[in-house]
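A.B. asks: test case, fold it:
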Amino acid sequence: MPFLPPNACFETRLPLPADRLDLIPVSEETANFHVSCEVNDALRAGKPLVALESTIITHGMPWPGNLEMARGVEALIREEGAVPATIVVIDGRLHIGLGDDDLAALAQTKDALKLSRADLAYAIAEGRTGSTTVAATMIAAEMAGIRVFATGGIGGVHRGAEESFDISADIDELARTPVLVVSAGAKALLDIPKTLEALETRGVPVVTCASETFPAFWSRDSGLPSPLTLPDAPAIARFQATRERLGIEGGMLVANPVDAADEIPRSEMEAHIAAALDTAKRQGIARKEVTPFLLSEIYRLSDGRSLATNIALVRSNARLAARIAVALAA
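C.D. replies: Numbering: from 1, shown residues only. Down below sits the predicted model:
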């Protein structure tokens, strides 16, 4: 296996074979994929990795707080003994892991697409820049052999979906792609009961860490019982390892309630969400613009508290994901 200096830049074929991570020459076939040195070294050494989405950087938080958040999350993962792998498409290249300069540039990008399963390949083919949603991040993580992914909250069944049919691709991705996803539950903007039903129908295990109730993103308790509960990262890792040994297809959703000191009560958030949804309806906001618009409105209505809680829960999810990844790699 060739020696790589610490700051080498290179291309590598995706998906990566489990028993052979050799570098290959850059060609038209491989130039659309880039794996960072840190991530490649971790894959070769069998170190635990945690995938990170990029939509939260480009669409979820304003500059410069988004960069501070992203750097802090990566640092937390390293502190727990794992390696972070932020995933994004930049100028038609799918990046698995970013250097700090690229992370800073991404945080200031104004026109990034928001990519899911339907348009991930489009962005690569057309040389576009786009951040990855939960679904797209799961696809890329599975290509690279990364088993654990930390995010804020998954997408799901939107409120009023019986009329709009607005259901996130995250639901089906969890059913088909074998990546464990740690989140603070589904985004509270969604119809959480219907989201849980959709996950159950597709056979996706939903496990809440150390709580009998399923969280509601900014709030610790959605008012719904969790389908499954496990006490800590080692127990969750054992569950996932057993699923892998049995050859059970698809991913797992691990719900991690935000810390009590950081949560916003559900009653308060429901009032903000209702007001934001009403504004979105009156302004004709639709499709992929809905979630960023609602988050912006809720930020305004909560006097910025929603963003502070969002940052806190992302950090907590990253820490739990790293601990699960470490336990899986042991």
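
A.B. asks: with adjacent residues omitted, what lies nearest to L328?
C.D. replies: Counting by C-beta to C-beta, 6 or more residues apart in numbering, A237 is the residue found nearest to L328 once chain neighbours are left out, at 4.7 Å. From N, CA and C alone the C-beta is placed, and that goes for glycine too.

A.B. asks: repeat that for G156.
C.D. replies: Once flanking residues are discounted, G156 sits nearest to T195: 3.2 Å by C-beta to C-beta, 6+ apart.

A.B. asks: after the helix or strand that neighbour falls within, next one along is what?
C.D. replies: Using DSSP states H and E, T195 maps to helix 192-201. Going down the chain from helix 192-201, the next helix or strand is strand 206-209, by DSSP H and E.

A.B. asks: that older thread, pLDDT (mean, whole number) over the helix or strand harbouring the residue nearest to L328?
C.D. replies: A237 is part of helix 233-246 when elements are defined by DSSP H and E. For helix 233-246, mean pLDDT rounds to 99.

A.B. asks: repeat that for stretch 276-285.
C.D. replies: 94.

A.B. asks: and that stretch, C-alpha only, in CSV?
C.D. replies: Only the C-alpha atoms of stretch 276-285 are listed here, as CSV (Å, rounded to 0.1, in the frame of the first residue of the first chain):
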residue,chain,number,x,y,z
ALA,A,276,-44.7,29.6,10.7
LEU,A,277,-46.8,27.1,8.8
ASP,A,278,-49.6,29.7,8.4
THR,A,279,-47.1,32.2,7.0
ALA,A,280,-45.6,29.7,4.6
LYS,A,281,-49.1,28.8,3.3
ARG,A,282,-50.0,32.4,2.7
GLN,A,283,-46.7,33.1,0.9
GLY,A,284,-47.0,30.0,-1.3
ILE,A,285,-43.8,28.4,0.0
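
A.B. asks: can you list contacts of it?
C.D. replies: The contact list for stretch 276-285 (C-beta atoms under 8 Å, 6 or more residues apart in numbering) reads 159, 189, 290, 293-294, 297-298, 301.

A.B. asks: which member of those residues is positioned nearest A261?
C.D. replies: Of all those, A261 sits closest to I298, with 19.9 Å by C-beta to C-beta.

A.B. asks: so what's the residue count around the closest one?
C.D. replies: Residue neighbour count, defined by other C-beta atoms under 10 Å, stands at 23 for I298.

A.B. asks: that one contacts E270, doesn't it?
C.D. replies: No: between I298 and E270 there is no contact under C-beta atoms under 8 Å: 10.8 Å.

A.B. asks: still on that earlier bit, give me the residues contacting the helix holding T195.
C.D. replies: Taking C-beta under 8 Å, 6+ apart as the rule, helix 192-201 contacts 154, 156-157, 161, 167, 171, 174-175, 185-186, 206, 214, 216, 222, 224, 227, 253.

A.B. asks: pull out the buried positions in that helix.
C.D. replies: 192, 194-196, 198-199 (16 or more other C-beta atoms under 10 Å).

A.B. asks: one step back: which other helices and strands contact the helix holding A237?
C.D. replies: Applying 3 or more C-beta pairs under 8 Å, 6 or more residues apart in numbering; DSSP states H and E, we find helix 233-246 packed against strand 206-209, strand 252-255, helix 305-329.

A.B. asks: if you compare these, which one is most tucked away?
C.D. replies: Comparing the helices and strands packed on helix 233-246 by mean neighbour count (mean count of other C-beta atoms under 10 Å), strand 252-255 ranks first with a mean of 26.

A.B. asks: who does that one touch, helix- and strand-wise?
C.D. replies: strand 180-183, strand 206-209, helix 233-246, helix 305-329.

A.B. asks: what would these look like in JSON lines with distance to T58?
C.D. replies: Shown next, in JSON lines, are the helices and strands packed on strand 252-255 (distance: least, C-beta to C-beta, whole Å):
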{"stretch": "strand 180-183", "distance to T58": "18"}
{"stretch": "strand 206-209", "distance to T58": "28"}
{"stretch": "helix 233-246", "distance to T58": "29"}
{"stretch": "helix 305-329", "distance to T58": "14"}
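
A.B. asks: closest one to D262 among these?
C.D. replies: Closest to D262 of the helices and strands packed on strand 252-255 is helix 305-329 (C-beta to C-beta; 3.8 Å).

A.B. asks: quick one: mean pLDDT over stretch 167-179.
C.D. replies: So the average pLDDT for stretch 167-179 ends up being 98.

A.B. asks: same thing with stretch 117-128?
C.D. replies: 97.

A.B. asks: distance from the chain centre to that stretch, please.
C.D. replies: Taking C-alpha atoms, centre = their mean, to the nearest Å, the mean C-alpha location of stretch 117-128 is offset from the chain mean by 18 Å.

A.B. asks: low pLDDT regions in this structure?
C.D. replies: 1-31 (pLDDT under 70).

A.B. asks: and of the helices and strands packed on helix 233-246, who's closest to V134?
C.D. replies: Nearest of the helices and strands packed on helix 233-246 (C-beta to C-beta): strand 252-255, 9.8 Å.

A.B. asks: now the element after that closest one, going C-ward?
C.D. replies: For strand 252-255, the following helix or strand on the C-terminal side (DSSP H and E) is helix 266-283.

A.B. asks: can you give me the buried ones in that following helix?
C.D. replies: Residues of helix 266-283 classed as buried by neighbour count (16+ other C-beta under 10 Å): 266, 269, 272-273, 276-277, 280.
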